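J.: My questions concern the predicted model and sequence given below.
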Amino acid sequence: MGWWGRVGVVAALVVIQACSLTKPVAPPVGSDGRQEGVASWYGPGFHGKRTANGEIYDQYELTAAHTTLPLGTRVMVTSLTNGRAVEVRVNDRGPFVGGRVIDLSYAAARVIGMIGPGTMPVRVEVIGAPVAIASRRPAPPVVRERARAVEPAPAPAPVVAKTPVAEPPPPAEPRGAYTVVVATLSDAGKAEHLRSRIALKFPDAQVSQIDVGRDRYYRVHVGPYAYRGIAVARAELVNRFGYPAVIADETR
């Protein structure tokens with residue numbers, strides 16, 4: 001083989017190696033607000049840390065990380081393996097593993113049955129734009145006083161014993177709308193069957209219809225409840241009954 005032949009072989013090997021090092025790229029979000037690809041989930045290692053929008057990450061909330069969607073966007077994530085779906089709010093950036101389209105919280109991954117496999121093919125659909133947050137009021141300007149002559153301090157006043165004042169009670173838990181979500185399904189018959197099963201123990205179980213573009217989903221849930229503590233207690237009972245349950249804050 002001549003010198004030019006050896007140069008050609010080396011160049012080909014360099015090209016092949018460069019191609020093998022190229023990371024897979026996630027498909028972009030379409031003009032219809034849809035995206036399909038592989039989802040993953042993140043939990044214990046990030047629990048309690050700050051997310052991209054400044055919140056503290058709670059693996060038990062229905063949230064997700066996405067690379068491009070505006071923070072605060074609400075999306076429906078549907079498993080292309082089992083048809084289960086979950087509605088989440090984007091509050092973080094990621095995933096940063098090549099080719100993956102979304103990182104779900106532990107709670108969201110549990111709803112669609114992704115905890116065991118770790119990853120799953122999904123469809124992501126935008127269902128709500130982020131809510132604008134009012135900017136903080138500017139701090140008042142600092143007024144500097146002119147220097148004054150130092151005068152002798154007056155004699156201290158006699159100390160008068162005061163009657164102890166009782167401490168105010170702790171603030172009450174704010175009211176809200178907390179729903180215990182059991183499942184979100186694309187099949188109305190399966191959703192109604194699940195509701196009827198859960199209603200044997202929880203009479204307030206119901207099915208809510210959610211339209212996302214040309215698709216329709218049916219969310220099986222219990223509640224809502226005015227206080228998160230009540231919703232947490234009810235979710236624990238649903239779990240004991242043998243069904244996964246996560247708490248959704250309908251006010252966010």
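T.: Yep, that arrived. Nothing here was measured: the structure is a model prediction, and the numbers come from that model. Numbering: from 1, shown residues only.
J.: Now do the contacts for residue 71.
T.: Residue 71 sits next to 52-53, 90-92, 130 when contact means Cβ atoms under 8 Å, 6 or more residues apart in numbering. From N, CA and C alone the C-beta is placed, and that goes for glycine too.
J.: could you redo the last one with a cut-off of 10 Å?
T.: 51-55, 65, 89-93, 130 (Cβ atoms under 10 Å, 6 or more residues apart in numbering).
J.: Out of these, flag the one nearest to residue 183.
T.: Distances from residue 183 to the contacts of residue 71, taken as Cβ to Cβ, are shortest for residue 89 (18.4 Å).
J.: In terms of helices and strands, where is that closest one?
T.: strand 84-92 (DSSP states H and E).
J.: Sheet partners, orientation included, of that strand?
T.: strand 63-65 (parallel), strand 74-79 (antiparallel), strand 178-185 (antiparallel) (DSSP bridges).
J.: Which of these has the lowest mean pLDDT?
T.: For those, the weakest mean pLDDT is recorded on strand 178-185, namely a mean of 86.
J.: how about the CA coordinates for that strand, as CSV?
T.: Extracted in CSV, the C-alpha atoms of strand 178-185 (Å, rounded to 0.1, in the frame of the first residue of the first chain):
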residue,chain,number,x,y,z
TYR,A,178,-55.0,18.6,46.9
THR,A,179,-56.0,15.5,44.8
VAL,A,180,-54.9,11.9,45.3
VAL,A,181,-54.1,10.7,41.8
VAL,A,182,-54.3,6.9,41.3
ALA,A,183,-53.9,6.7,37.5
THR,A,184,-54.4,8.5,34.2
LEU,A,185,-55.5,6.2,31.4
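J.: Can you give the distance from the helix or strand where residue 237 lies to the centre of its chain?
T.: Secondary structure assigned from DSSP H and E places residue 237 in helix 228-240. How far helix 228-240 lies from its chain's middle: 19 Å, per Cα atoms, centre = their mean, to the nearest Å.
J.: contacts for it?
T.: Outside of helix 228-240, the residues within contact range by Cβ under 10 Å, 6+ apart are 60, 173-182, 198, 201-202, 204-205, 221-225, 227, 243-249.
J.: Only whichever of those are buried, select them in ChimeraX.
T.: Buried subset of those, written as a ChimeraX selection, criterion 16 or more other Cβ atoms under 10 Å:
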select :60,178,179,180,181,182,198,202,205,221,222,223,224,225,243,244,245,246,247,248
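J.: domain ranges for this structure?
T.: If you go by automatic domain parsing, the domain ranges for the chain are 26-128, 178-249.
J.: Most tightly packed of the strands paired with strand 84-92?
T.: strand 63-65 (a mean of 26; mean count of other Cβ atoms under 10 Å).
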